[in-house]
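Engineer: pasting the structure only:
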């Protein structure tokens, strides 16, 4: 399955990309505010995500596994408040350099269960397996565990291209260069060149920019308050927690 997308005349996307189905599922006052903001700004966009091959992003978790993703859609996509940037899809059962959670300084949610992907029973739980991990934690894991060979199963089709962009911007740091090379080697492609989606503000009027900044900021701030918070954890710069404080990574 590939991620749903909205196609109009694209302006290629927004950093932190809006996720169409997430907006649709919002309670009506908030959903109306978000769509109203976009329309007021005269925004034409393509809400499409790409993987490291430049193709449509594929789902990370599958039926029989716990549902992953910061947005809990099964895809390694995020929102503006996800500073952890959970863009890397790996099989947590395939790490031979030690438990991913333990090595990156987190509580052991890696060995637990969570709501099932594709399940209709809200009370059912499935084992955490293919998971969208924080791109910074992934780099830390490779550094601490001994390199790319310590992760046997990297799901390239489900890795968000935004991770590549992030590693490029931090190419001056050894562990991020190693992470980028790991993706290149395991996915069989070169990620050194190629453009990343950008939002062309120059094509918008001054009033549209103001409406987008203030309206969008208010909408996402409210969405942040209604959903979850972030906590810093040593060894993994950012993870997500629910209202009870349980790690959602």
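Structural biologist: Happy to help now that I have it. This structure is a prediction, so every number in the text was calculated from the model and none was measured.
Engineer: pLDDT wise, what is the residue lying closest to residue 49 once chain neighbours are set aside at?
Structural biologist: The spatially closest residue to residue 49, leaving aside those adjacent along the chain, is residue 57, at 4.0 Å (C-beta to C-beta, 6 or more residues apart in numbering). The C-beta positions use only the backbone N, C-alpha and C, and glycine is treated the same way. Listed pLDDT for residue 57 reads 96.
Engineer: got it, and the one 10 residues further on?
Structural biologist: As summarised for this prediction, residue 67 has a pLDDT of 96.
Engineer: now residue 20
Structural biologist: For residue 20, the predicted pLDDT is 50.
Engineer: swap in residue 47?
Structural biologist: For residue 47, the predicted pLDDT is 52.
Engineer: what about the closest residue to residue 150 other than its chain neighbours, neighbour count?
Structural biologist: Spatial nearest neighbour of residue 150, excluding adjacent residues (C-beta to C-beta, 6+ apart): residue 97 at 2.9 Å. Neighbour count of residue 97, defined by other C-beta atoms under 10 Å: 17.
Engineer: Check the contact between residue 97 and residue 143; I expect there is one.
Structural biologist: No. Using C-beta atoms under 8 Å, residue 97 is not in contact with residue 143; the gap is 10.2 Å.
Engineer: So which helix or strand of the chain has the lowest pLDDT on average?
Structural biologist: strand 229-233 (a mean of 46; mean pLDDT, DSSP states H and E).
Engineer: isn't residue 93 right up against residue 129?
Structural biologist: Yes. Here residue 93 reaches residue 129: they are 5.7 Å apart, a contact under C-beta under 8 Å.
Engineer: Strands of the protein, residue ranges please.
Structural biologist: With DSSP state E, the ranges of strands along the chain come out as 88-91, 113-115, 125-127, 130-133, 229-233, 236-241.
Engineer: Pick out the shakiest of those, pLDDT-wise.
Structural biologist: The minimum mean pLDDT among the strands of the chain belongs to strand 229-233 (a mean of 46).
Engineer: can you pull the contacts of residue 170?
Structural biologist: Residue 170 makes contacts with residue 176, as judged by C-beta atoms under 8 Å, 6 or more residues apart in numbering.
Engineer: Relative to residue 97, how far out is residue 137?
Structural biologist: According to C-beta to C-beta, to the nearest Å, residue 137 and residue 97 sit 13 Å apart.
Engineer: nope, residue 86 is what I meant
Structural biologist: For residue 86, the distance to residue 97 - C-beta to C-beta - is 20 Å.
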